[in-house]
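Asker: Here is my input, please return the structure:
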Amino acid sequence: MSRITDDPEHSPRDCATKHRHHNSAGRRRLLIGALSAAASLLALAIILWLTLRPSSPRFTLLAATATAPNATAGGIVRLDAAFVAHNPNAHAAVLYDRLQAHASYAGVQLAAAAPLPPFQQAQGDAVLTASLSASSAAASLAETAEAGRATLLLRLRVEGQLRWKVAAWVSGSRALAAECVAVVVPSQLTAVVVQGSQCATTLE
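Answerer: Okay, here's the model as predicted:
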């Protein structure tokens, strides 16, 4: 036998309503707490970014070797290049992704892009090496050497994606491009070692 009460505070309908209200209030408190934590983390990241403000990395063409055995017969031109990436920031690491090296001569790309491995760089220098080969470039380079020109300009380019890492925070990706010029002194284009120079580095 059930007992029916006239007390509104103990009626089944009011108890169910109070239970729903209690659950709703708990969810609101949980949501507010999560949003507050996210806002605090975002504010901390912005403060760190504005305080540290990482400087752009710098690239230098350390050296390059252009080898063209039997170039006049349409041989393979092989380019081996070494780059130095310098991160000047003491508190921000650099994350490099999708790196590729390109080489061109007289506005014509010499070979397919050579992929470079992704890596993380703390403050200091890191050396990158790339090897490119192309048979289509041999004739043009050989003609330049035979013409007796004093110098031959090769353009080397490193491009990819860059992100900053400050503590546990990682920024979004930015496009990186480093344009380098190698001055080659023709010597039948066999094992010509070229001392490099500072590259023009841009971020977008």
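Asker: can we go C-alpha only for contacts and neighbour counts from here?
Answerer: Fine.
Asker: for this structure, which strand is longest?
Answerer: Criterion DSSP state E: the longest strand present in the chain is strand 152-166.
Asker: And it, what does it pack against?
Answerer: On a contact count with 3 or more Cα pairs under 8 Å, 6 or more residues apart in numbering; DSSP states H and E, strand 152-166 meets strand 93-105, strand 174-184.
Asker: Can you mark which positions in it are buried?
Answerer: 154-166 (16 or more other Cα atoms under 10 Å).
Asker: Please parse this structure into its domains.
Answerer: Here the domain assignment for the chain is 8-52, 58-203, based on automatic domain parsing.
Asker: which of these has the lowest average pLDDT?
Answerer: For these, mean pLDDT drops lowest on domain 8-52, to a mean of 69.
Asker: The chain: helices as residue ranges?
Answerer: Shown for the chain, the helices assigned by DSSP state H span residues 12-52, 138-146.
Asker: show me the residues around T60 that make contact.
Answerer: 83-85, 180, 196-199 (Cα atoms under 8 Å, 6 or more residues apart in numbering).
Asker: Next up, phi/psi of A106, please.
Answerer: Dihedral angles of A106 (phi, psi; degrees, to the nearest 10) stand at phi 50, psi 40.
Asker: Return the distance of it relative to L152.
Answerer: Distance of A106 to L152, given as Cα to Cα, to the nearest Å: 9 Å.
Asker: Tell me which two of the buried residues of strand 152-166 sit farthest apart.
Answerer: Farthest pair in these (Cα to Cα) is L154 and V166. Separation: 36.5 Å.
Asker: count of residues packed around the closest residue to Q120 other than its chain neighbours?
Answerer: Once flanking residues are discounted, Q120 sits nearest to L95: 4.5 Å by Cα to Cα, 6 or more residues apart in numbering. By other Cα atoms under 10 Å, the residues close to L95 number 18.
Asker: Same question for the one 10 residues further on.
Answerer: Neighbouring residues of Y105 were enumerated by other Cα under 10 Å; the total is 15.
Asker: which residues touch it?
Answerer: Residues in contact with Y105 (Cα under 8 Å, 6+ apart) are 153-155.
Asker: so how far is T129 from it?
Answerer: 19 Å.
Asker: do L79 as well
Answerer: 11 Å.
Asker: Looking at the two, which has the bigger crowd around it?
Answerer: A count of neighbours by other Cα under 10 Å puts L79 above the other of L79 and T129, at 22 against 16.
Asker: list the contacts for F119?
Answerer: 95-97.
Asker: R155 bridge partners, please.
Answerer: Residues in a beta bridge with R155, per DSSP bridges, are S104, V181.
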